[in-house]
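[1] how would this look folded up:
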Amino acid sequence: MQTARTVGDLLREAREQQGMTRAGLAKLVGTTQSAVSRMDEADHTIKLSTILRMAAALHRRV
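    Okay, the predicted model is just below:
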């Protein structure tokens, strides 16, 4: 059985698979490292525009 995953979980997994740091992703999408960290930990509401920029930076489809 697969457990439910958050958008933050999926973004973190994609970032790690790319070998990218939180700081590196933040720089690519124009946000802060702390914002990426909050998203990774599901401690932050993520705007759709940010999700789309992160997906593009990580070469993922939404």
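
[2] tell me, what residue is most central in this structure?
    Central residue of the chain (CA atoms, centre = their mean): L11, 3.4 Å from the mean position.

[3] and the closest residue to V7 other than its chain neighbours, how many residues sit next to it?
    Spatial nearest neighbour of V7, excluding adjacent residues (CB to CB, 6 or more residues apart in numbering): I46 at 5.9 Å. Bear in mind the C-beta positions are built from the backbone N, C-alpha and C, glycine included. Residues lying near I46 (other CB atoms under 10 Å) number 16.

[4] Regarding I46, what is its secondary structure?
    coil (DSSP: H, G, I helix; E, B strand; the rest coil).

[5] ok, it - contacts?
    Counting by CB atoms under 8 Å, 6 or more residues apart in numbering, I46 touches 7-8, 39.

[6] Compare those residues and tell me which has the most neighbours.
    Counting neighbours by other CB under 10 Å, M39 leads these with 26 neighbours.

[7] element containing that residue, please.
    According to DSSP states H and E, M39 maps onto helix 33-40.

[8] Distance from the helix or strand that that helix is followed by to the middle of the chain?
    Beyond helix 33-40 on the C-terminal side, the first helix or strand identified by DSSP H and E is helix 48-57. Computed by CA atoms, centre = their mean, to the nearest Å, the chain-centroid distance of helix 48-57 equals 8 Å.

[9] same thing with stretch 47-60?
    Taking CA atoms, centre = their mean, one finds the center of stretch 47-60 at 7 Å from the center of the full chain.

[10] Show which residues not belonging to that stretch make contact with it.
    The contact list for stretch 47-60 (CB under 8 Å, 6+ apart) reads 7, 11, 14-15, 18, 20, 25, 28-31, 39, 61-62.

[11] buried set for that stretch?
    50-51, 53-55, 57-58, 60 (16 or more other CB atoms under 10 Å).

[12] and R15, helix, strand or coil?
    Quick answer, by three-state DSSP: R15 is helix.

[13] Distance of it relative to V7?
    Distance, R15 to V7, by CB to CB, to the nearest Å: 12 Å.
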